[in-house]
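>>> Below are the sequence and a predicted model for it; my questions follow.
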Amino acid sequence: MIKRNLLVMGLAVLLSACGFQLRGTGANQLSIKELDVSARDAYGKTVVQLRQVLEGSGVKIYTGAPYKLVILNEQETQRSASSSGSGRSAEYTLNTTLNYQINGTQNRELLQRKVQIEKVYVHDGNNLIGSDMQSAQVRDEMRSDVIQSLMAQLQQLTPAQLDELQAKADAVAKAEADALEAAQRIRDETPQQSPIEIPSR
């Protein structure tokens with residue numbers, strides 16, 4: 001019994017040393033410690049779960065944070081992968097794509113990315129209730145996978161990188177404002193031509 005426990009402990013230590021973590025048990029440590037999170041569906045399952053994962057990773061979420069994570073849209077598609085000869089069962093491929101962007105000060109876009117997850121499940125025409133339950137379970141798993149993939153992308157970002165992107169966005173905005181101001185100045189300084197008067201006969 002002791003040997004078995006020691007073996008299990010040894011394997012756990014070895015796997016953790018290799019960077020292996022069971023889903024949902026590892027800490028997603030982010031360099032970004034403050035975020036505002038927004039989405040069209042602010043109370044949707046994905047956004048609610050994402051907020052929970054972020055807060056569980058030590059991120060403070062509040063309105064007016066230096067950076068804003070904006071969930072632009074979440075799209076799900078389903079297509080038939082294969083079917084049985086009887087037509088009673090079929091494999092379906094589910095694809096979920098989540099598009100998001102991060103905004104900085106003055107709500108300027110710093111970057112825009114996406115996360116994409118795909119899974120296959122079998123729909124059994126002879127067991128509709130079981131198939132519906134499996135479909136719901138697969139969608140729940142995909143939602144968790146999407147959030148984990150998003151967290152993995154966020155882990156690659158640092159405040160220094162975002163500050164650099166903010167500086168570039170500010171420079172672009174200033175250049176555009178300067179160009180508009182210069183164009184307006186030219187229009188203001190250009191004499192307006194008087195309308196041509198046609199002598200009456």
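Everything's here; your move.
>>> Roughly how far does Ala160 sit from Ser31?
Ala160 sits 8 Å away from Ser31, taking Cβ to Cβ, to the nearest Å as the criterion. For glycine as for every other residue, the C-beta is placed from the backbone atoms N, C-alpha and C.
>>> out of these two, which sits in the more crowded spot?
Ser31 (13 against 9; other Cβ atoms under 10 Å).
>>> And the pLDDT at that one?
The model reports Ser31 with a pLDDT of 91.
>>> State the phi and psi torsions of it.
Here is the backbone geometry of Ser31 (degrees, to the nearest 10): phi -70, psi -30.
>>> correct me, but it touches Thr158?
Yes. Applying Cβ atoms under 8 Å, one finds Ser31 in contact with Thr158, separated by 4.4 Å.
>>> Low-confidence ranges, the chain, go.
Within the chain, the ranges that satisfy pLDDT under 70 run 1-28, 83-89, 123-131, 193-201.
>>> In it, which helix is the longest?
Ordering each helix of the chain by length in residues (DSSP state H) puts helix 159-189 first.
>>> Show me what that helix is packed up against.
The elements that helix 159-189 packs onto, with contact taken as 3 or more Cβ pairs under 8 Å, 6 or more residues apart in numbering; DSSP states H and E, are strand 109-124.
>>> Okay, now the sheet partners of the strand it packs on, with direction.
Next to strand 109-124 in the sheet, as set by DSSP bridges, lie strand 89-103 (antiparallel).
>>> Can you name the residues that contact the most centrally placed residue in the chain?
Central residue of the chain (Cα atoms, centre = their mean): Tyr100, 4.0 Å from the mean position. Each residue near Tyr100 by Cβ atoms under 8 Å, 6 or more residues apart in numbering is listed here: Leu69, Val70, Ile71, Leu72, Gln112, Arg113, Lys114, Val115, Leu150.
>>> can you redo these as JSON lines with distance to Asn95?
Below are these laid out as JSON lines (distance: Cβ to Cβ, whole Å):
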{"residue": "Leu69", "distance to Asn95": "22"}
{"residue": "Val70", "distance to Asn95": "22"}
{"residue": "Ile71", "distance to Asn95": "17"}
{"residue": "Leu72", "distance to Asn95": "17"}
{"residue": "Gln112", "distance to Asn95": "20"}
{"residue": "Arg113", "distance to Asn95": "17"}
{"residue": "Lys114", "distance to Asn95": "12"}
{"residue": "Val115", "distance to Asn95": "11"}
{"residue": "Leu150", "distance to Asn95": "16"}
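>>> Considering the residues you listed, which is situated nearest to Lys45?
Of all the contacts of Tyr100, Lys45 sits closest to Ile71, with 11.8 Å by Cβ to Cβ.
>>> The residue nearest to that closest one when sequence neighbours are not counted: neighbour count?
Leaving out its chain neighbours, the residue that sits closest to Ile71 by Cβ to Cβ, 6 or more residues apart in numbering is Ala39, at 3.7 Å. Residues lying near Ala39 (other Cβ under 10 Å) number 20.
>>> can you check Leu162 too?
18.
>>> And Thr93, by the same measure?
Using other Cβ under 10 Å, the number of residues around Thr93 comes to 14.
>>> Having no further points to raise, I will conclude here.
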